[in-house]
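Q: I'll drop the sequence and a predicted model, then ask my questions.
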Amino acid sequence: MTTTADTDTGPAATNAFAVRSGGTRQLAGTGTLLRFALRRDRVMVPVWVAVTGLMVLSMPNSLRSLYGTAAERADLMRQMTTNSSLRALVGPVFDDSLGALTAWRVGVYAGLLAAVMSLLVVIRHTRDEEESGRQELVASGMVGRRASLTAALLTAAIANGGLASLVTLGLAGEGAVSALAFGLGIAGVGMVFATMAAVVAQLTESARLARGLTAGVLGAAFVLRAAGDASENDGSSFLTWVSPLGWLENERSFADERWWVLLLFVAATAIQGAVAYELAGRRDVGMSFLPTRPGPAAGRLGTAGALAWRLQRGSVLGWSIGFFLAGVVYGGLTEGTADFVGDNEGAREIFERMGGQSGLTNAFLASMIGMLGLVAALYIVSAVLRLHGEETSGRAEPLLANAVGRLRWAAGHLVVAFGGTVWIMLLAGLGFTLGYGKEAGPILGACLVQVAGVWVIGGTAVLLYGLTPRAASAAWGLAGAVLLIGWIGPALNAPQALLDLSPFGHLPKLPGGEMEWTPVLVLTGLAMVLVAGGLAGLRRRDVSS
């Protein structure tokens, strides 16, 4: 006969079972969630890894054409010791081998891309899932409290591991051991910001705020590293050591590696991961430690456009600050770059392919403005796809059930997306003018010309979202491909047919070049047609939730 004591299922027994099996129960379902996360990211993660990896792997051949002799590479090192502006941009040079020059030229930016990829992945699979309500449904099944966080961090680890493997295999010809150190350093930066995003995702109730705060820390890390490298030519500044990007350069890949620096990445990742796990166990699903300030229910939010602005204003503010500061930095580097390039015909040819044939200074300005135009494509894709996020989260459906039509709802977000592009490019122009100290008119005009190319990318995102919302994330792949063509194509002397695949390849090279209105107007008209097609598709299809 079974007694009550034998089958005690009260609170004491439950607590005792939780203590005995707590570790296992906390991670229950992690494998399933990991497979689901990898499936969801099957487009985004490979694109990020491919773009970052190809950027790194394209450098040795490019540098070989620029600095083919030992004397030219030694001269480059001497110039970098005296050019603080360029050290702030790309860091110091520690050796004159092609591998060391590759780590110098693209190391900081590869680390930045790895960090952005990682923070997006972690927040997407943690705070985004909670904000949409899907995590609450998942948690009602046989899923542990920390399973989602573990799956997100494992996804980021797999992505960074793939990037490290690609870099290691691609640069093995320059030194296999050094290539491994460089790949691990880049992956280390990614994992530091993955775990940082995991912590921030526990603190905030909004995925937008979590992305913004983590991206802000990443921007501060770049600024600290730049300030430190500008003051010291060997990476020894305290400001450089404060930044994870500074750790990457101080690892000194291909230049008598400091393997112990990798322990900094391991320690930061472990500490932040432990904090994130502790916080995740102390809060309810959907809640946060930092309360969200309630907003007005009427008045300023009385229209669809006002609501769209409220939802996207934080993103616009972050991009605005970033573009203005980038303009100031690049503008201040203009004169120093002209002195640095000097008589190096290879470097001069690359700038002229990117920025036109109208003198080195104008070519540098045009190439840097063009680069910001390529980066602005990422902004417009994120702003347009906010429509997709609102729809899939279920927030759009009750809004559209009222007197708000689909086109009015979509128009509010598209005005922010397309109008925001004009705004951030204008701010970039003002930053260039302030940093360079020259007349504002030509530079502002050059920045505005880039808008036509950005709008084509945005129009394509609208078309994908309107017609086939499942394929909307492919717009990120398009933006990444355009960025890759514009960044690496000129350095590799790619054929013009390949460069013309990007809408930016048809824009006039300003300042310095001749203004051509035809391609600008054609691209603007194409963008309008793409937007119209996307809105027509949105009107005809069902709204998902």
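A: Great, that's in hand.

Q: drop to CA atoms for contacts and neighbour counts, all remaining ones
A: OK.

Q: now F254: which helix or strand?
A: Under the criterion of DSSP states H and E, F254 resides outside all helices and strands.

Q: what does Y277 give?
A: Assigned by DSSP H and E, Y277 falls in helix 262-280.

Q: report how many residues lie close to A74.
A: 14 (other CA atoms under 10 Å).

Q: now do the helix or strand encompassing it: everything it contacts.
A: In this assignment (DSSP H and E), A74 forms part of helix 70-82. Applying CA atoms under 8 Å, 6 or more residues apart in numbering, the external contacts of helix 70-82 come out as 67, 86-87, 92-97, 233, 340.

Q: what do you get if the cut-off is 10 Å, keeping everything else the same?
A: Applying CA atoms under 10 Å, 6 or more residues apart in numbering, the external contacts of helix 70-82 come out as 63-64, 66-67, 69, 86-87, 91-98, 101, 230, 232-234, 339-341, 344.

Q: next: stretch 137-148.
A: Here stretch 137-148 has contacts from 22-34, 37, 122, 125-127, 129-130, 135, 150, 153-154, 276-285, using CA under 10 Å, 6+ apart.

Q: look up how far G373 lies from the nearest residue to E174 once chain neighbours are set aside.
A: Once flanking residues are discounted, E174 sits nearest to G99: 5.5 Å by CA to CA, 6 or more residues apart in numbering. For G99, the distance to G373 (CA to CA, to the nearest Å) stands at 29 Å.

Q: ok, T82 next?
A: In terms of CA to CA, T82 sits 30 Å off from G373.

Q: drop anything exposed from the contacts of helix 70-82.
A: Listed as buried from the contacts of helix 70-82 are 63, 66-67, 86-87, 91-98, 101, 230, 232-234, 340-341; burial here means 16 or more other CA atoms under 10 Å.

Q: okay, and which of those residues map to strands?
A: Per DSSP state E, strands hold no members of the buried ones among the contacts of helix 70-82.

Q: so what's W517 up against?
A: 449, 507-508.

Q: restricted to helices, list those residues.
A: Judged by DSSP state H, the contacts of W517 include V449 as members of helices.

Q: which of the contacts of W517 tops the neighbour count?
A: For those, neighbours were counted using other CA under 10 Å, and V449 has the most, 26 neighbours in all.

Q: surely that one touches G429?
A: No: with contact defined as CA atoms under 10 Å, V449 does not count as touching G429 (11.1 Å).

Q: anything in contact with each of these two?
A: 369, 443.

Q: burial of the residue lying closest to G29 once chain neighbours are set aside, as a residue count?
A: Distance criterion CA to CA, 6+ apart; nearest residue to G29, sequence neighbours excluded, is V143 at 4.9 Å. By the criterion of other CA under 10 Å, V143 has 18 neighbours.

Q: what does G173 give?
A: 11.

Q: can you list the weak-confidence ranges in the chain?
A: The chain contains residues with pLDDT under 70 at 1-24, 85, 139, 284-302, 335-360, 490-494, 545.

Q: for the spatially most central residue of it, give its distance to A304.
A: Nearest to the geometric centre of the chain sits V116, at 3.9 Å (CA atoms, centre = their mean). Per CA to CA, V116 is found 30 Å from A304.

Q: helices along the stretch 401-545 of the chain, start to end?
A: Applying DSSP state H, counting those that start in this stretch to the stretch 401-545 of the chain gives helices spanning 406-436, 440-467, 474-488, 496-499, 517-540.

Q: the stretch 151-300 of the chain now?
A: 176-203, 207-231, 238-242, 244-250, 262-280.

Q: include distance to P503 when you put these into CSV, please.
A: Listed next are the helices of the stretch 151-300 of the chain as CSV, based on distance: least, CA to CA, whole Å:
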stretch, distance to P503
helix 176-203, 30
helix 207-231, 28
helix 238-242, 37
helix 244-250, 32
helix 262-280, 39
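
Q: cool, thanks, talk later.
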